[in-house]
Every structure is written in structure tokens, then in C-alpha cells.
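J.: With the sequence up front, the predicted model follows.
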Amino acid sequence: MKQIFIVAVLGAVLIASLGAHSAHALSSFENNLWYGMAKNVDVQNLQQFLAAQGVYTGPVSGEFQSKTLAGVKAFQAREGISATGYFGQLSRARANAILSEGTVSPERAAMIELLNSLLVQVARLQGQLAALQYATTTPVSTTPSGATTTPPATVTPAYPLVSIEAISPTMPATIGISGGQTIGVFKVTNNGTSAIYLQNVTFANSGVATTSVTYDLRASANGISMGDASIVYVAGNPTAAVGYITASPAAKRRIDGGSWRFLTIRTVGVAAPNDTFQLAVTAVGNVTYSVNESDLGYNANPSVNSTLTDTITGLPMTGLPTLATVTARN
């Protein structure tokens, strides 16, 4: 707890410092931009900027699709930024510096890097604390050959630490009203060494939609950068609270140790102008995973059997991320 407090205080100080520094900076790109956005003026400006930088040859359409994604990645790679295709804080800062014919000072760049590092440490420490509390207070449910058992309270096996975080949007954004619009992207990271399997995904949606919009839950391939949403877990779900996705093949839900998957939520059907969407994970246990003893390499419930054939289910991920509001526009 003391470590979390110290790191959080340092992060708050750095955020305040960054805000004071950037208040006087010339800024042209004020919003984060990502793959899947449509009919967006900021995306049009981004496409014009990328074209001027010689990394984009597509149309200035306001549609953030594959060509724009490739242009963003090329720009990021050239400027020494992680080439994720997500046009976020670091990418915007560099682009704004170029537009203002200035440069990002080494001091500010170093401060941003340190802040990101501190925030990662906070998330990991919070995750470790949550996992410890869960292990010492919650019975472990297992499924040996379809049975459910509860091992003694003294059994607290170490499971992989799995976290979920908000990726986009992190600032209010707009989308088109047609179907297939991305309203949220989360990232699930397996910080352990054993493979895990996504089990339950329940998002809360505090937006207000006047139409009967339904939702697709999609995922990237294992360890693939943001922008890939090739795997469909659930199609046309009536709410964003998808629930259990165990009907999907295990191979498509598997996340290897040290790897990740991006979860993308898209609309199905036409939204009404001014419909809003805001997704969040509001409680520990709303997103869960399972792990096989065979992947762990040890028996997690020796009081039940002496084999490595059980699956431990209902393990909660750490993190309660909230995305910014997305508004549908003509």
C-alpha cells in the first residue's frame, strides 16, 4: 500500500507539471485518434498532416481505416514512437511540434516517459494487491471433469496476474451513425508466464441510445497490435454487457504468458444522431479468466486430486478502466 501511495503521488506531480508546461504550447491535434473512427474532422486533419509528411497517399476522407493506420505507424516509427497505430498523446505532441515548427524538449519527453512508467507501476501494484486480497478471501472454483469443488481456505495458489486497461477513446470522440463503428477498445494483458483463457466480459454502458443498436465484441490475435479486430466473440449482442464468451474456441480466447489481446466493441445497425456510448468495467469480477493446471505446471487443489487436469475458473482481472464518451453524428 505504501508503494502504491508513493508512486501515485509522484504520478500526480508529473501530471500537474505536464499540464502547466503544455498550457502554453501551440496545439493543433487535441484529441486522440484510432482505427475505426469515421466521418471525423480530426481524422481528416490527420490524413492531411500525414500526406504532408510523405507517409500517407490515401484520400482525405475522415475515415480511419487501413491506409491511415499504416500512415500513423510509419510516422511513429520515423519519430521514434512505438508504432501501434494509435494516435495518442506522444504522437500528438510530436505532430503539434512539427506543425508549430518547434520541437518537443528532451526534458518534457523524458517527463512523459517517466509518467507512463509510473502509471504502469501503479497498475501492477494495484493488481498485485487485488490478487492477494482475492486469493486470501475467495474460495477457488474448479472444474475437474465437470465437478465443482472448494479447496481448504489455506490453499492460495499463485495464478497469473491479468489486467485490463482502457485504450480508446480516452477523450470525448465522435463516430458516424452507420453500423460497424468502434465505440471502445480495451487491452487485456497476461503479466504471468502461464497461458490463460478469457472467460467473462461484462462492460457497463452509461451512454444513452434512442435506437435499438446492438454490439459486436471482437478481439485481436494473440500479441497483435491495436487495429486488429479479426476475431468475433459475440455478434449482435443487445447490450455491451456481453457476459460469458466460452462458446468461442479456446484457441481464440487464449492469451500466452507475457502477451495480450485488444478487445474492440462495435455497433451493429444504424445509430441515431446524438446517441452516446461510454463503456467501463465497474466491478472486480466483471471480467474474468480461467487457467489450466497443465499450463500452471502444478496442482492448484491437491485436496481434490493429484492430477494436473483441472481448470481454475472465475479468476478476476485487475483494473476498473473507464472510456470516454463517444457520440454518434451525421
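T.: Good, I have the coordinates.
J.: Surely G62 touches N40?
T.: Yes: G62 lies in contact with N40 (CB atoms under 8 Å); the separation is 4.9 Å. Quick note: C-beta positions are derived from backbone N, CA and C, even for glycine.
J.: what sits against P238?
T.: S212, T214, Y215 (CB atoms under 8 Å, 6 or more residues apart in numbering).
J.: pLDDT weak spots in the protein?
T.: 1-27, 101-158, 303 (pLDDT under 70).
J.: Show me which of the contacts of P238 are buried.
T.: With neighbours counted using 16 or more other CB atoms under 10 Å, the contacts of P238 contain these buried positions: T214, Y215.
J.: Spatially, what comes nearest to L263 if we skip its sequence neighbours?
T.: F186 (4.6 Å; CB to CB, 6 or more residues apart in numbering).
J.: so who does the one you found touch?
T.: Contacts of F186 (CB under 8 Å, 6+ apart): I164, E165, A166, I167, F203, F262, L263, L279, V281, P321, L323.
J.: follow-up on the earlier one: nearest to N45, of the contacts of P238?
T.: Among the contacts of P238, Y215 lies closest to N45 (CB to CB), at 28.9 Å.
J.: ok, the closest one touching G269?
T.: No: at 9.5 Å, Y215 does not count as touching G269 under the criterion of CB under 8 Å.
J.: Remind me which helix or strand Y215 belongs to.
T.: strand 214-219 (DSSP states H and E).
J.: which of the residues in the helix or strand just after that strand are buried?
T.: Per DSSP H and E, strand 214-219 leads on to strand 231-237 as the next helix or strand towards the C-terminus. Neighbour counts over strand 231-237 (16+ other CB under 10 Å) mark I231, Y233, V234, N237 as buried.
J.: again with stretch 321-330
T.: P321, L323, A324, T325, V326, T327, A328.
J.: tell me the contacts of N330?
T.: Counting by CB under 8 Å, 6+ apart, N330 has contacts K39, G176, I177, P273.
J.: so who does the first one touch?
T.: This means K39. Counting by CB under 8 Å, 6+ apart, K39 has contacts G62, E63, T174, I175, G176, R329, N330.
J.: Tell me how many other residues surround the fifth one.
T.: Neighbour count of G176, defined by other CB atoms under 10 Å: 20.
J.: Just want to check the distance between it and N40.
T.: 8 Å (CB to CB, to the nearest Å).
J.: taking the buried residues of stretch 321-330 one by one, which sit in strands?
T.: Within the buried residues of stretch 321-330, residues falling in strands by DSSP state E are V326, T327, A328.
J.: immediately after the helix or strand harbouring E165, which helix or strand?
T.: Using DSSP H and E, the element containing E165 is strand 162-168. Per DSSP H and E, strand 162-168 leads on to strand 173-175 as the next helix or strand towards the C-terminus.
J.: For the following helix or strand past that following strand, which strands pair with it and how are they oriented?
T.: Next in sequence after strand 173-175, counting helices and strands by DSSP H and E, comes strand 182-190. Neighbouring strands of strand 182-190 in its sheet, by DSSP bridges, are strand 162-168 (antiparallel), strand 260-268 (antiparallel).
J.: Adding mean neighbour count as columns, could you present those strands in CSV?
T.: Converted to CSV, these look like this (neighbours: other CB atoms under 10 Å):
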stretch, mean neighbour count
strand 162-168, 22
strand 260-268, 23
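J.: any chance of those in CSV, with distance to N292 too?
T.: Below are the strands paired with strand 182-190 laid out as CSV (distance: least, CB to CB, whole Å):
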stretch, distance to N292
strand 162-168, 14
strand 260-268, 17
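J.: Could you check those strands and tell me which one is nearest V208?
T.: strand 260-268 (14.0 Å).
J.: just how off-centre is that closest one within its chain?
T.: Counting by CA atoms, centre = their mean, to the nearest Å, strand 260-268 is centred 9 Å from the centre of its parent chain.
J.: Over to stretch 323-330?
T.: Distance, centroid of stretch 323-330 to centroid of chain: 17 Å (CA atoms, centre = their mean).
J.: CA atoms only: put it into CSV for me.
T.: The C-alpha atoms that make up stretch 323-330 are tabulated as CSV, following Å, rounded to 0.1, in the frame of the first residue of the first chain:
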residue,chain,number,x,y,z
LEU,A,323,-13.5,5.0,-21.5
ALA,A,324,-14.6,8.5,-22.6
THR,A,325,-18.0,9.2,-24.1
VAL,A,326,-18.5,8.6,-27.8
THR,A,327,-21.2,10.5,-29.7
ALA,A,328,-22.8,9.5,-33.0
ARG,A,329,-23.1,12.3,-35.6
ASN,A,330,-24.3,12.5,-39.1
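J.: Kind regards, and thank you for your time.
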